[in-house]
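Engineer: just the structure for this:
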Amino acid sequence: MAHTKKVKQAGKFGAGYGRKVRENFVNVESKQRRKQICPFCKNPTAKRKSAGIWKCKKCGKEFASGAYYLSTK
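Structural biologist: From the prediction side, this is the model:
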């Protein structure tokens, strides 16, 4: 199944989940997959390993933070 430009990663769910649920999924998933700024070395090299576990590729530190985003508001 191809992911189109309009539905992005939510294309794998199809129509059965509803538009709003798929939109929310795309918003969360696109933010969590993005490289975030490491709180130690201040470089945009921190990536999410699993829920709440983050690792910086530059300084090698592994730390806990928000489940989906590094900076929780």
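Engineer: residue nearest the centroid of the protein?
Structural biologist: Nearest to the geometric centre of the chain sits residue 32, at 1.1 Å (Cα atoms, centre = their mean).
Engineer: that one - nearest residue in space that isn't next to it in sequence?
Structural biologist: residue 68 (4.4 Å; Cβ to Cβ, 6 or more residues apart in numbering). C-beta: built from backbone N, CA, C; applies to glycine.
Engineer: distance of that neighbour from residue 33?
Structural biologist: Relative to residue 33, residue 68 is positioned 10 Å away (Cβ to Cβ, to the nearest Å).
Engineer: where do the contact lists of the two overlap?
Structural biologist: residue 48 (Cβ atoms under 8 Å, 6 or more residues apart in numbering).
Engineer: ok, back up a step: can you pull the phi and psi angles for the residue nearest to the centre of the chain?
Structural biologist: When read as degrees, to the nearest 10, the backbone of residue 32 gives phi -70, psi -30.
Engineer: and it, what is it in contact with?
Structural biologist: Counting by Cβ under 8 Å, 6+ apart, residue 32 makes contact with 48, 68, 69.
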